[in-house]
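[1] missing the sequence, but the structure's below:
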């Protein structure tokens, strides 16, 4: 048994069952919806279908990151058991939670001399962040020591490629990623923007495609251009979606048809933190490939 735990934020957007199966620990973000503060706990408190229905009907959700005291209490639970921690945070290009985790780490290591808390900025989001954590679980299970795993994470995190598209620009306009004028004309013309996460961990619009069918073809074509081995890619492929499972299924089916050696694509829900900013109608595709700093 390893003498350390691997840990992340609930914004890694895998299922509760998957996290438990892989022995990946997580701490929950929060969101505020219809006057109520709720945990982003992988759909346990509020099912995702209900959450996205509320957003579609006009509810506004605001989010809050994990604070220093929460991180400290969370870390201490492991340190008291004599376990070291590798905690990988949601991208600092999206949230400031990394800074809170680092502050908590410094306090925790003072309180528990001899124990180690390593905090890393994933530069990843949603189930791409989850794919990174799942890969770390593979390496931990293969016996990789904590220090080596931390170095591997820093050296390889930018190899997790993130591609997103949306069929509803409303929340991207609200969040400032798409201008109001572009959002209006995009809605009229049926524009589906294709976005990615850059080497600073920020979500960036890259292309404007006309219609859902075109953007589905394009997102898989981009995977072909970026994935390790091109069409011979044999690694993991994760997708996440916000109340548009059939769109995600269409992407997954095209991935399987294009990449004969790919591992079975896994589809997850975009959680309430990321989903508060994307709204319904977003599909994301994740795989390993070209270093995002080299594109």
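    Arrived safely. Not measured: the values here are computed from a predicted model.

[2] C-alpha only now, for contacts and for neighbours.
    Fine.

[3] contacting residues for the residue nearest to residue 206 when sequence neighbours are not counted?
    Excluding the flanking residues, the one nearest residue 206 by Cα to Cα, 6 or more residues apart in numbering is residue 195, at 5.2 Å. By Cα atoms under 8 Å, 6 or more residues apart in numbering, residue 195 lies in contact with 163-165, 203-207.

[4] List the strands paired with whatever helix or strand residue 195 lives in, with their directions.
    Using DSSP states H and E, residue 195 sits within strand 191-197. Strand 191-197 has the following strand partners under DSSP bridges: strand 160-166 (antiparallel), strand 203-210 (antiparallel).

[5] Which of these comes out lowest on mean pLDDT?
    Per-stretch mean pLDDT for these is lowest at strand 203-210 (a mean of 89).

[6] before we move on, the earlier item: most packed of the strands paired with strand 191-197?
    Compared across these, strand 160-166 shows the largest average neighbour count, a mean of 25 (mean count of other Cα atoms under 10 Å).

[7] chain center to it: distance?
    Centroid separation for strand 160-166 versus its chain: 10 Å, with Cα atoms, centre = their mean, to the nearest Å.

[8] I'd like the numbering to begin with 41 instead of 1 from here.
    Got it, the first residue is 41 from now on, which makes the last one we talked about strand 200-206.

[9] Any chance you could list what contacts that strand?
    In contact with strand 200-206 (Cα under 8 Å, 6+ apart) are residues 164, 168, 171-172, 232-237, 255, 259, 266, 321-332.

[10] As CSV, the strands paired with strand 231-237 with distance to residue 76 would be great.
    Formatted as CSV, those follow (distance: least, Cα to Cα, whole Å):
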stretch, distance to residue 76
strand 200-206, 27
strand 243-250, 28
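
[11] Residue 291 is nearest to which of these?
    Residue 291 lies closest, by Cα to Cα, to one member of the strands paired with strand 231-237: strand 200-206, at 10.9 Å.

[12] Now do the same contact list for the closest residue to residue 318 other than its chain neighbours.
    Closest residue to residue 318 apart from its sequence neighbours, by Cα to Cα, 6+ apart: residue 211 at 5.4 Å. Residue 211 makes contact with 317-319 under the criterion Cα under 8 Å, 6+ apart.

[13] for the strands paired with strand 231-237, which one sits closest to residue 54?
    Of all the strands paired with strand 231-237, strand 200-206 comes closest under Cα to Cα, at 15.0 Å.

[14] Would you agree residue 239 is in contact with residue 333?
    Yes. With contacts counted by Cα atoms under 8 Å, residue 239 reaches residue 333, the gap being 4.9 Å.

[15] Find residues that contact each of these two.
    Joint contacts of residue 239 and residue 333 (Cα under 8 Å, 6+ apart) are residue 198.

[16] Those two - which one has more neighbours?
    Per other Cα atoms under 10 Å, whichever of residue 239 and residue 333 has more neighbours is residue 239, with 19 against 10.

[17] And that one, how close does it get to residue 57?
    30 Å (Cα to Cα, to the nearest Å).

[18] Just the pLDDT for the residue lying closest to residue 320 once chain neighbours are set aside.
    Spatially, and ignoring its direct neighbours in sequence, residue 320 is nearest to residue 282 (4.8 Å; Cα to Cα, 6+ apart). We have a pLDDT of 97 for residue 282.

[19] just to revisit the earlier point, distance of the residue nearest to residue 246 from residue 102?
    Going from residue 235 to residue 102 by Cα to Cα gives 22 Å.

[20] residues touching residue 291, list them.
    Counted by Cα under 8 Å, 6+ apart, residue 291 has contacts 256-257, 260.
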